[in-house]
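Trainee: Sharing a model prediction with you, sequence too.
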Amino acid sequence: MKQYSIINLFVMAVLLFSVTSCTSTGNKENAAGETESTATTKEITNPLTSWNESTNKTDIINYVKAVTDKNSNDFIPVADRIAVFDNDGTCMSEHPMYFQLYFVIDRVKELAPQHPDWKNIQPFKSVLENDMKALA
């Protein structure tokens with residue numbers, strides 16, 4: 001199996017749980033009239049639709065397929081799958097920004113044409129000039 005960086009492993013773990021947790025449970029009556037529980041897995045036909053076609057995308061999808069296929073040598077039982085989500089810096093860059101801030105920055109840039117005065121008003125001015133130091 002290919003060697004992966006900690007970030008790639010983090011992304012793969014997130015995808016692993018996203019892909020394998022798409023289940024629905026229900027009850028089904030069998031021939032004897034007894035109720036039995038059923039679980040079905042929803043097939044994802046086009047994972048990572050917002051990603052460009054790339055080696056990274058292909059590698060991640062192949063990894064998730066390998067570790068979730070019971071016939072694969074790389075299969076990981078559900079009970080042994082672990083995902084870690086944190087913002088303490090262990091899985092982030094040296095100067096991280098929260099995802100909500102990325103959203104706000106993108107949204108300000110998207111709405112700026114409707115608000116020309118933002119070019120001169122802080123914090124909008126810093127966002128529009130990509131001046132993250134002033135924004136901070």
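Mentor: Looks like it arrived, so ask away.

Trainee: Roughly how far does Asn73 sit from Val67?
Mentor: Taking CB to CB, to the nearest Å as the measure, Asn73 falls 10 Å from Val67. From N, CA and C alone the C-beta is placed, and that goes for glycine too.

Trainee: the more surrounded of those two?
Mentor: For Asn73 versus Val67, neighbours defined as other CB atoms under 10 Å are more numerous around Val67 (20 against 7).

Trainee: got a list of what that one touches?
Mentor: Neighbouring residues of Val67 by CB atoms under 8 Å, 6 or more residues apart in numbering: 16, 74-76, 81.

Trainee: How about the secondary structure of it?
Mentor: In three-state terms, and counting by DSSP: H, G, I helix; E, B strand; the rest coil, Val67 is helix.

Trainee: And the strands in this protein?
Mentor: All strands of the chain, identified by DSSP state E, fall at 23-29, 35-41.

Trainee: Quick one: low-confidence residue ranges for the protein.
Mentor: Along the chain, the parts satisfying pLDDT under 70 run over 1-43, 84-96.

Trainee: would you turn the contacts of Val67 into JSON lines with distance to Val104 and neighbour count?
Mentor: As requested, the contacts of Val67 are arranged in JSON lines below (distance: CB to CB, whole Å; neighbours: other CB atoms under 10 Å):
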{"residue": "Leu16", "distance to Val104": "30", "neighbour count": "21"}
{"residue": "Asp74", "distance to Val104": "40", "neighbour count": "12"}
{"residue": "Phe75", "distance to Val104": "41", "neighbour count": "12"}
{"residue": "Ile76", "distance to Val104": "37", "neighbour count": "14"}
{"residue": "Arg81", "distance to Val104": "33", "neighbour count": "14"}
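
Trainee: Out of these, which comes closest to Trp118?
Mentor: Checking the contacts of Val67 against Trp118 with CB to CB, the nearest one is Leu16 at 41.3 Å.

Trainee: Distance-wise, check Ser50 relative to Val108.
Mentor: 21 Å.

Trainee: more crowded one of the two?
Mentor: Set Ser50 next to Val108 and count neighbours by other CB under 10 Å: Val108 wins out with 16 against 4.

Trainee: Please consider this matter closed, and thank you.
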